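Colleague: with the input below, show me the fold.
(one chain, ligands or ions: 1)
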Amino acid sequence: MEHPPHRLSVAPMMDWTDRHCRYFHRLMTRRAMLYTEMVTAPAVVHGDRDRLLGFNRAEHPVALQLGGSDPEELRAAVRLAVPYGYDEINLNVGCPSDRVQSGCFGAVLMERPQLVADCVAAMQEASPVPVTVKCRIGVDDQDPQAVLPDFLERVSAAGVRHFVIHARKAWLQGLSPKENREIPPLDYDLVVAMKAAFPHLTICINGGITSLDQARALLERGVDGVMIGRAAYHDPGSVLIGADGLWGDGPGRDALQVVAAMHPYIAAHLARGGRLHQITRHMLGLFHGRPGARGWRRVLSEGVARPGAGLEVLEAALAEVAPGADVQAAVG
Ligand SMILES: Cc1cc2nc3c(=O)[nH]c(=O)nc-3n(C[C@H](O)[C@H](O)[C@H](O)COP(=O)(O)O)c2cc1C
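Modeller: Next up is the predicted model:
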C-alpha cells in the first residue's frame, strides 16, 4: 500500500511556515504533508481571509491549522476555509503561549477533552477533508499515562481518526513557549504505546526529532507518521532533501537545484511588489553544515537589507557555497 503524506510532516510554526516557506519546502519533498502556521478561528471569521488562507497550488498536500475553542466559531472558520482547498484541517491543542491560553485554546484544552470533542464535531460537519488534532501528552500536573488515553478516547468518539502528539507536557505557568518546547521531558514510549492501544487511529509523533534516521526508527516502532518542526526549518537540506525516500522514492532536487527552482517564484513575488527578505529568510539554513554555509547566510541576510534588493543577492550568496555554479543550468 502507498504510504500517506503524513508519514512525514513539517510542523505548524507561527511566523515560520508561511506560504513562502511551504513553497520552498515543497521543492525538497514532493511527498511530506506541510502544515500552515496556526490561524485563529476569529481571525478567519473577521480578518483578511485571502492573506490568512491563500496558498499556491504547488504546496499540496497542505494542512490548515486552526486555533480556537468555540465550536460554532470553528465551524464557521472551517466553512470559510473549505473553498481554499486544504487537504486536512487540524485543531491546535498544544500551544502553551499566554496569549493563546487567555483565549482558552491551545494546550490548555488538554484539560477539557469534552470541549475538544465538541469543537472537532462541529468542524467535521463543515469539512469535506479530515479534521485532525495536534496535542501534547498532558499539561501541568496531569498524569499523561491517564489523561492521554482518555483524551484520545473522547476525541476519537467525536469522529477524529488522526492525532499528532507532541511527546512532552506543556507547563502552563512559568515556562515560555520556547522553554515549553525544550524543558518538559520527551516521552516517545507513551506515544508508541498509544498506537498499540488505539490501532485504528492514525498516530503521528512529534518533538525533538532531528534526522530522517530518527524518523525511520520511530516509524519502525509502529507510529503512522513523524512530524518535524525546528530541524526541518533550520536544516532543510538534511531533513527534507531525501525525505521522499520514506516513500521509496529516489532522490529529488539537490540544494542547488532548489535555489534555481526558487528563482521564478521569487521573481514573481518581486514583480508583485513583494520583498526579497519575505522569502529568503526561510532559505538561510539550506546549506547548513556545508562549506560556505556561513557565507551564504551572511550574504543573504545582509543583502536583503538594501532597498530594491533582487535576485542578484541570491546569486551572490550562492557564490559562497557553490563558486562558479550556473544556476540556470541547475534548473534542469
Ligand atoms: C517558531 C515556532 C512556532 C510554532 N508555532 C506553532 C503553531 O502555530 N502551532 C502548533 O501546533 N505548534 C507550533 N509550534 C510547535 C511545533 O509545531 C512543534 O510541536 C514543536 O516545535 C516540537 O517539534 P520539533 O522538536 O520538531 O520542533 C511552534 C514551534 C516553533 C519553533
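Colleague: how far off centre is the lengthiest strand in the chain?
Modeller: Identified as the longest strand of the chain according to DSSP state E is strand 33-40. Distance of strand 33-40 from the chain centroid (CA atoms, centre = their mean, to the nearest Å) equals 6 Å.
Colleague: now do stretch 250-257
Modeller: Centre-to-centre, stretch 250-257 and its host chain are 21 Å apart (CA atoms, centre = their mean).
Colleague: got the CA coordinates for that stretch in CSV?
Modeller: Listed next in CSV are the C-alpha coordinates belonging to stretch 250-257 (Å, rounded to 0.1, in the frame of the first residue of the first chain):
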residue,chain,number,x,y,z
GLY,A,250,14.6,8.2,-5.4
PRO,A,251,16.5,11.5,-4.8
GLY,A,252,14.8,14.7,-5.8
ARG,A,253,16.4,18.1,-6.3
ASP,A,254,19.7,18.9,-4.7
ALA,A,255,20.2,22.2,-2.8
LEU,A,256,21.5,24.0,-5.9
GLN,A,257,18.5,22.9,-7.9
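Colleague: do stretch 39-56 and the ligand meet at all?
Modeller: No: Stretch 39-56 lies out of reach of the ligand by CB under 6 Å from any ligand atom, never closer than 8.6 Å. Any C-beta I mention is one placed from the backbone N, CA and C, and that applies to glycine too.
Colleague: neighbouring contacts of that stretch?
Modeller: 19, 22-23, 36, 62, 64-68, 70, 73-74, 76-77, 80-81, 84, 103, 105 (CB atoms under 8 Å, 6 or more residues apart in numbering).
Colleague: run the chain-centre distance for that stretch.
Modeller: On CA atoms, centre = their mean, the centre of stretch 39-56 falls 17 Å from the chain's centre.
Colleague: measure it end to end?
Modeller: 17 Å (CA to CA, to the nearest Å).
Colleague: which of the contacts of stretch 39-56 fall in strands?
Modeller: Residues of the contacts of stretch 39-56 located in strands (DSSP E): Thr36, Val62, Leu64, Gln65, Leu66, Gly67.
Colleague: for the third one, give me its contacts.
Modeller: In this structure, Leu64 makes contact with Thr36, Val39, Leu53, Ala81, Tyr84, Tyr86, Glu88, Ile89, Asn90, judged by CB under 8 Å, 6+ apart.
Colleague: repeat that with 6 Å
Modeller: By CB atoms under 6 Å, 6 or more residues apart in numbering, Leu64 lies in contact with Thr36, Ala81, Tyr86, Ile89.
Colleague: which one of these is nearest the ligand?
Modeller: Thr36 (8.3 Å; CB to the nearest ligand atom).
Colleague: re earlier: widest-spaced pair of the ones in strands among the contacts of stretch 39-56?
Modeller: Within the ones in strands among the contacts of stretch 39-56, Val62 and Gly67 form the most distant pair, 17.0 Å apart (CB to CB).
Colleague: the two - which one has more neighbours?
Modeller: Per other CB atoms under 10 Å, whichever of Val62 and Gly67 has more neighbours is Gly67, with 27 against 24.
Colleague: and the more buried one, how far is that from Lys169?
Modeller: 19 Å (CB to CB, to the nearest Å).
Colleague: and if you look at Arg181?
Modeller: Arg181 is 11 Å from Lys169, by CB to CB.
Colleague: tell me the pLDDT of the closest residue to the ligand within the chain.
Modeller: Nearest residue of the chain to the ligand, counting by CB to the nearest ligand atom: Gly229, 2.8 Å away. Gly229 carries a pLDDT score of 98 in this model.
Colleague: and what of Gly308?
Modeller: Confidence score, pLDDT, at Gly308: 88.
Colleague: number of nearby residues for it?
Modeller: Counted with other CB under 10 Å, residues neighbouring Gly308 total 7.
Colleague: how about Gly324?
Modeller: Using other CB under 10 Å, Gly324 has 6 neighbouring residues.
Colleague: max-length helix in this protein?
Modeller: If you go by DSSP state H, the chain has its longest helix at helix 255-271.
Colleague: how about it: buried residues?
Modeller: Of the residues in helix 255-271, 255-263, 265-266, 269-270 count as buried by neighbour count, 16 or more other CB atoms under 10 Å.
Colleague: mean confidence (pLDDT) on that helix, please.
Modeller: pLDDT averaged over helix 255-271 gives 97.
Colleague: next SSE downstream of it?
Modeller: Per DSSP states H and E, the first helix or strand lying C-terminal to helix 255-271 is helix 276-280.
Colleague: so which bits of the following helix or strand past that following helix are buried?
Modeller: The helix or strand immediately downstream of helix 276-280 is helix 293-303, counting by DSSP H and E. Residues Ala293, Gly295, Trp296, Arg297, Val299, Leu300, Gly303 are the ones in helix 293-303 that count as buried (16+ other CB under 10 Å).
Colleague: do the same with stretch 303-314
Modeller: Buried residues in stretch 303-314 (16+ other CB under 10 Å): Gly303, Val304, Ala309, Leu311, Val313, Leu314.
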